[in-house]
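Visitor: Structure of the sequence below:
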Amino acid sequence: MEIILIQDVTKLGQKDDIVNVKAGYGRNFLIPRGFAIAATSSAKKMHTENLRQKAHKEEKIKLAAQEIASRLTGVKIVVGAKTSTSGKIFGSVNTIQIAESLKEKGFDIDRRNITLPEDQIKEVGNYIAIVKLHREVKVEVEFEIKGE
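Guide: Now for the predicted structure:
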């Protein structure tokens, strides 16, 4: 089944992508929840027209994201966490803490746009997070975890 995504869906695609999914997933999950619409011929025509109109607006957004990305390169964040004597963290460091640290530096980035390389970070050390500012603009941000 072909669908047009109305909003970003993790591990499936970005807004305005036309994707093939299994019929049950499309009809029972994506379409009823408002994540997608069925890709009929008339919907595809409207979709191409909307994309054409959004093209120049998208370019402005991409330039703004590239400007933020250039400011973000070289920024190093320090995240504090409670640790044991061996350097293990009680709990784990997640994207919420990274987003809060970025906000302190003056970057208002949603936590859902931050990807950590490992599932859970459980030790003190240096790591790299990937910040997605635009569908084509991604930045690697270094962060260090220190014990408190």
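
Visitor: okay, CA-based contacts and neighbour counts for the rest of this
Guide: Noted.

Visitor: can you list contacts of stretch 6-13?
Guide: 5, 14-16, 19, 34-37 (CA atoms under 8 Å, 6 or more residues apart in numbering).

Visitor: Give the buried residues for that stretch.
Guide: Buried residues in stretch 6-13, counted by 16 or more other CA atoms under 10 Å: residue 6.

Visitor: End to end on that stretch, go ahead and measure it.
Guide: End-to-end distance for stretch 6-13: 10 Å, by CA to CA, to the nearest Å.

Visitor: so where's the longest strand in this protein?
Guide: Taking DSSP state E as the criterion, the chain has its longest strand at strand 138-147.

Visitor: Listing partners with orientation, what would you give for that strand?
Guide: strand 76-81 (parallel), strand 125-132 (antiparallel) (DSSP bridges).

Visitor: can you pull the buried residues of it?
Guide: 138-143, 145-147.

Visitor: which helices and strands does the helix or strand residue 48 falls within pack with?
Guide: Under the criterion of DSSP states H and E, residue 48 resides in helix 41-72. Here helix 41-72 touches strand 138-147, going by 3 or more CA pairs under 8 Å, 6 or more residues apart in numbering; DSSP states H and E.
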